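> no FASTA, just this:
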């Protein structure tokens, strides 16, 4: 059994490493879809800590995504030197911060905002918690949309461009490279970077799940009053869950800003938060393989359905808009999944039912 698992893991690893090289043959657009799928996996893994492990419904998770993206954009674009003469005097060649500074800064700031969100919501549960976190996400988006005057910090609805690509030991991810006779496009390089981050995040999430902290989170999820009676410090553990989940969101946002090269408040709408929650729920709450499957399915499905919506629009004589038809197909797919698999595509195995009854 163990040998079979090792073989499956090796085949999966080889498949993931070879996938972008195969997709390159069909065009970089397909590699880009794979890149975005990995980013959404990273976001879903972070939200799974809050929703899946601790049982705290968070509808404003996209706010941490936005915080990480704007932190990266501010530290790796000419915006600050153009808006503030003091920065232009200190950095005449522009502000191009290294990855070693930007990633911890994005993760740390997102974690700080995660704790600030969690602190006033400790007594809230269920729908009330969801409404407060939803409001927090919208507040961050509105702030980003309006912080262009009187002091221009975020450039408002115009967004921020000319964001530097990641540079790692002198190798820029914004340019294609050739290695061992293969040509690796920029999107392919980002694919391997995101894949490393996803694997690292999966390892962290798995270790958290098996740790005392993870078991305490699950106790809070099942029955907070009983967990408190058993001596678990629910306040600190809830704040830790919000902070840990926000850290994943901040790193994802920084990667998104570097990958896109341009960000605006429109990229961090409420619909994004709803989609990330749907990935966790449809995949299987609290189960890492299910969360990954849900994130890949829901992030890649809209892009794949573009090729279905076009022909359907032509069949209807152009009466149906392709974008609306695509959203309709996504909604039908989600409804079908919840009807056929109410616990998710890959739910966690139920405990307590696996023990066979022995006959005397």
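Yes, it's here. Since the structure is predicted, the reported quantities are computational estimates derived from the model, not experimental observations.
> alpha carbons only for contacts and neighbour counts from here, please
OK.
> which residues of the chain score low on pLDDT?
Regions of the chain meeting the criterion pLDDT under 70 cover residues 1, 180-181, 318, 320, 322, 350-360.
> Tell me how many other residues crowd the spatially closest residue to residue 155 that is not a sequence neighbour.
Spatial nearest neighbour of residue 155, excluding adjacent residues (Cα to Cα, 6 or more residues apart in numbering): residue 148 at 4.7 Å. Using other Cα atoms under 10 Å as the criterion, residue 148 is surrounded by 17 other residues.
> any idea how far the residue lying closest to residue 71 once chain neighbours are set aside lies from residue 147?
Excluding the flanking residues, the one nearest residue 71 by Cα to Cα, 6+ apart is residue 106, at 5.7 Å. As judged by Cα to Cα, to the nearest Å, residue 106 and residue 147 stand 19 Å apart.
> Run through the strands of the stretch 151-300 of the chain in chain order.
167-168, 171-172, 177-179, 182-184 (DSSP state E, counting those that start in this stretch).
> quick one: the residue nearest to residue 155 is in a helix?
No: counting by DSSP: H, G, I helix; E, B strand; the rest coil, residue 148 falls outside a helix, being coil.
> Spit out the contact partners of it.
Residues near residue 148 by Cα atoms under 8 Å, 6 or more residues apart in numbering: 154-156.
> Adding neighbour count and distance to residue 49, write these out as TSV.
Formatted as TSV, these follow (neighbours: other Cα atoms under 10 Å; distance: Cα to Cα, whole Å):
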residue	neighbour count	distance to residue 49
154	25	29
155	20	32
156	18	31
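> before we move on, the earlier item: so the residue nearest to residue 71, which state does it fall into?
Of the three states, residue 106 takes helix under three-state DSSP.
> Would you confirm that it contacts residue 75?
No: counting by Cα atoms under 8 Å, residue 106 does not reach residue 75; the two are 9.9 Å apart.
> So these two - more neighbours on which side?
Of the pair residue 106 and residue 75, residue 106 is the one with more neighbours under other Cα under 10 Å, namely 31 against 22.
> Could you pull up the contacting residues of that one?
Counting by Cα under 8 Å, 6+ apart, residue 106 touches 67-69, 71-72, 247, 250-251, 253-254.
> Buried among those? Make that a ChimeraX selection.
To isolate the buried members of these in ChimeraX, using 16 or more other Cα atoms under 10 Å:
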select :67,68,69,71,72,247,250,251,253,254
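> how about the helices of the stretch 101-250 of the chain, start to end?
For the stretch 101-250 of the chain, the helices defined by DSSP state H, counting those that start in this stretch occupy 126-146, 186-210, 212-222, 224-229, 234-260.
> which non-adjacent residue is nearest residue 348?
Nearest non-adjacent residue to residue 348, counting by Cα to Cα, 6+ apart: residue 287, 5.1 Å away.
> Dihedrals phi and psi, that neighbour?
The phi and psi values for residue 287, taken as degrees, to the nearest 10, are phi -110, psi 110.
> hang on, the earlier thing: let's have the strands of the stretch 151-300 of the chain in TSV, adding mean neighbour count and distance to residue 81.
Shown next, in TSV, are these (neighbours: other Cα atoms under 10 Å; distance: least, Cα to Cα, whole Å):
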stretch	mean neighbour count	distance to residue 81
strand 167-168	12	20
strand 171-172	13	22
strand 177-179	10	30
strand 182-184	13	33
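> Please tabulate those in JSON lines and include distance to residue 342 as additional columns.
Putting those into JSON lines (distance: least, Cα to Cα, whole Å) gives the following:
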{"stretch": "strand 167-168", "distance to residue 342": "43"}
{"stretch": "strand 171-172", "distance to residue 342": "44"}
{"stretch": "strand 177-179", "distance to residue 342": "45"}
{"stretch": "strand 182-184", "distance to residue 342": "41"}
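> between these, which gets nearest to residue 224?
strand 167-168 (44.3 Å; Cα to Cα).
> contacting residues around the closest one?
With contact meaning Cα under 8 Å, 6+ apart, strand 167-168 is reached by 98-99, 173.
> Residue 8 and residue 2, how far apart?
For residue 8 relative to residue 2 (Cα to Cα), the value is 10 Å.
> Tell me which of the two has more neighbours.
Neighbour count, other Cα under 10 Å: between residue 8 and residue 2, residue 8 has more, with 12 against 7.
> Wait, a helix at the more buried one?
Yes: under three-state DSSP, residue 8 falls within a helix.
> ok, residue 105 - contacts?
residue 71.
> wait, residue 247
Contact analysis of residue 247 by Cα under 8 Å, 6+ apart lists 46, 64, 106-108, 110-111.
> do that again at 10 Å, thanks
43, 46, 64-65, 68, 104, 106-114, 241, 253 (Cα atoms under 10 Å, 6 or more residues apart in numbering).
> How much space separates it from residue 80?
Residue 247 is 24 Å from residue 80, by Cα to Cα.
> Same check on residue 70?
Distance, residue 70 to residue 80, using Cα to Cα: 12 Å.
> Overlap of the contact sets of these two?
In contact with both residue 70 and residue 80: 153-154, using Cα under 10 Å, 6+ apart.
> If you count surrounding residues, which of the two has more?
residue 70 (27 against 21).
> any idea which element that one lies in?
According to DSSP states H and E, residue 70 maps onto helix 62-75.
> Off-centre distance for that helix?
12 Å (Cα atoms, centre = their mean, to the nearest Å).
> quick thing: my sequence starts at 18, can you match it?
Renumbered: residue one is now 18, and that last one reads helix 79-92.
> Next, the buried residues of the next helix or strand after it.
Per DSSP H and E, the first helix or strand lying C-terminal to helix 79-92 is helix 96-100. Across helix 96-100, burial judged by 16+ other Cα under 10 Å covers 96-98.
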